[in-house]
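>>> what would the 3D arrangement of this be:
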Amino acid sequence: MAEHLRRGIEDLKKKVITMSAVVEENVAKATRSLLERSTDLANEVIRGDVNIDQMEVDIEEECLKLLALHQPVAIDLRFIIAVLKINSDLERVGDLAVNIAERSLFLATQPKICMPFDYETMSNMVQQMLGDSIDSLVNLDPRLAHKVRAQDDKVDAMNREMYETVKSEVIGGPEYINCLLHALSVGRHLERIADHATNVAEDVVYLVDAEIVRHTPEYFMD
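Modelled structure (predicted):
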């Protein structure tokens, strides 16, 4: 039974890595679609979401099967529990990528306006957090996971600053209110992706160190 469980966990790990790669690619396409005003990229993201949804279902079913058949303990049990939670976070990130793509489709039909905040820097930071959170899982690296947690406050601060900037822009140029509100939504979706990347990182800390850090502050030192 131990050998069957080991193989099952390895297969599960491969499935999560595959799903995370697809999710990362969709986030990258969604952010590029906005920068490049590319409806083709935006539509690719929207069409591809059904594959992410199916991956989520497959991974959840595999986790439940391993729990039922093998009754794992210790780190094997923590791994399966962590994957169940990470699986859900990845699916939500996929949904948020679709939301960004939908905002991109709308903005592509409007007169081009300057983004009222540093969208490119924010999107790059969020994508880095997402990639690092997955790398921390693949390599069982809690130090990298803690680094992701520390980055979340920076994204939150950017989101707050963006809100204030957009509010000022709306007051100064109400004719662009629809575009500005869609831009505000994009920033909010990016901030939520960062939150989900942080959730993944926290689950990695739990997996490796058996420590729940969800409600504790992070003070990461390079």
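
>>> what's the first helix or strand after the helix or strand of the chain with the lowest mean pLDDT?
One helix or strand of the chain scores below all others by mean pLDDT, DSSP states H and E: helix 142-172, with a mean of 87. The element immediately downstream of helix 142-172 (helix or strand, assigned by DSSP states H and E) is helix 177-209.

>>> okay, the angle between the least confident helix or strand of the chain and helix 177-209?
For helix 142-172 against helix 177-209, the angle by axes from the mean of the first three to the mean of the last three CA atoms, to 10 degrees is 170 degrees.

>>> show me what helix 142-172 is packed up against.
helix 119-138, helix 177-209 (3 or more CB pairs under 8 Å, 6 or more residues apart in numbering; DSSP states H and E). C-beta: built from backbone N, CA, C; applies to glycine.

>>> got the angle between the last one and helix 119-138?
Between helix 177-209 and helix 119-138, the angle comes out at 20 degrees (the same axes, to 10 degrees).

>>> now for helix 177-209, which elements pack on it?
helix 2-36, helix 74-108, helix 119-138, helix 142-172.

>>> to residue 45, which of these lies closest?
helix 74-108 (3.9 Å; CB to CB).

>>> from the chain's centroid, how far away is that closest one?
With CA atoms, centre = their mean, to the nearest Å as the basis, helix 74-108 stands 5 Å off its chain's centre.

>>> what residues of it count as buried?
76, 78-87, 89-105, 107 (16 or more other CB atoms under 10 Å).

>>> tilt between it and helix 2-36?
Using the same axes, to 10 degrees: helix 74-108 against helix 2-36 is 20 degrees.

>>> tell me the average confidence for helix 74-108?
Computed over helix 74-108, the mean pLDDT rounds to 95.

>>> now for that helix, which elements pack on it?
Short answer (3+ CB pairs under 8 Å, 6+ apart): helix 74-108 packs on helix 2-36, helix 39-70, helix 119-138, helix 177-209.

>>> go through those and name the closest to residue 163.
helix 177-209 (6.7 Å).

>>> next, the buried residues of that closest one.
179-180, 182-208.

>>> burial of the closest residue to residue 12 other than its chain neighbours, as a residue count?
Leaving aside its chain neighbours, residue 12 sits nearest to residue 62 (5.5 Å; criterion: CB to CB, 6 or more residues apart in numbering). The number of residues packed near residue 62 is 20, by other CB atoms under 10 Å.

>>> from what I can see residue 62 touches residue 10, true?
No. Applying CB atoms under 8 Å, one finds residue 62 not in contact with residue 10, separated by 11.5 Å.
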